[in-house]
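Peer 1: sequence and predicted model, in that order:
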Amino acid sequence: MRDPNNPVLICSSRTENSLKYFTLDGTYLRTVELPGLYVCRPVIDDNNIYAGVCWSKTKEGKGWVDNTGFVTILDGDKVVSNPGGTAPVYENGVLQQMYQDSDVFNHGHDVCVDEDKNLYICQWKANNTYPIKLERV
């Protein structure tokens, strides 16, 4: 509902490493490519979209690597940050391959945003760990 006159549905397409946009009657609008990211549910907060990355590819592009994951943050349709992953790089307007850069997260599965814009990252298959809180600075 970021645009009340044109509400859209955003769906994650993990195996296609993308987010897909549809009208509420199911008409396909566009795809936002997220190279290397097996993304989970998109969480909308103002113009930002947050999503857990349950798995990522390797730097070399090897897919679906177990015990990986992080969080991706988009401003509109553009990736601006990947806590726990590599920084987004655009070459000639095309987003390049992203992958896990630290072992802070393990199968990032969901993100919650509180009123202070802190993030809570829930993990799947993470040895019974509690959600991780990232405080906005």
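Peer 2: Yep, it's here. Numbering: from 1, shown residues only.
Peer 1: now the helices for the protein?
Peer 2: Taking DSSP state H to define them, one finds no helices in the chain.
Peer 1: most remote residue from the middle of it, which is it?
Peer 2: Relative to the centre of the chain, the most outlying C-alpha is that of N5, 25.4 Å out, by C-alpha atoms, centre = their mean.
Peer 1: quick one: that one and D46, what's the gap?
Peer 2: Distance from N5 to D46, counting by C-beta to C-beta, to the nearest Å: 17 Å. Any C-beta I mention is one placed from the backbone N, CA and C, and that applies to glycine too.
Peer 1: got it, and K78?
Peer 2: Counting by C-beta to C-beta, the separation of K78 from D46 is 14 Å.
Peer 1: with D77 instead?
Peer 2: Distance of D77 to D46, computed by C-beta to C-beta: 14 Å.
Peer 1: same question for N6.
Peer 2: With distances taken as C-beta to C-beta, N6 is found 16 Å from D46.
Peer 1: contacting residues for the nearest residue to D110 once chain neighbours are set aside?
Peer 2: Residue nearest to D110 in three dimensions, not counting chain neighbours: C122, with 4.3 Å by C-beta to C-beta, 6 or more residues apart in numbering. With contacts defined as C-beta atoms under 8 Å, 6 or more residues apart in numbering, C122 is in contact with 52, 108-112, 131.
Peer 1: how about S13?
Peer 2: With the criterion set at C-beta under 8 Å, 6+ apart, S13 makes contact with 19-20, 31.
Peer 1: now do the same for it: its pLDDT.
Peer 2: The predicted local distance difference test score for S13 is 95.
Peer 1: ok so, going back, which one's more surrounded, D77 and D46?
Peer 2: When neighbours are counted by other C-beta atoms under 10 Å, D77 and D46 differ, and D77 comes out ahead with 13 against 9.
Peer 1: surely that one touches L34?
Peer 2: No - with contacts counted by C-beta atoms under 8 Å, D77 stays clear of L34, the gap being 10.2 Å.
Peer 1: looking at the contacts of C122, spot the one nearest S12.
Peer 2: Closest to S12 out of the contacts of C122 is G52 (9.4 Å), distances taken as C-beta to C-beta.
Peer 1: can you give me the pLDDT of that closest one?
Peer 2: pLDDT for G52: 94.
Peer 1: no more questions from me, cheers.
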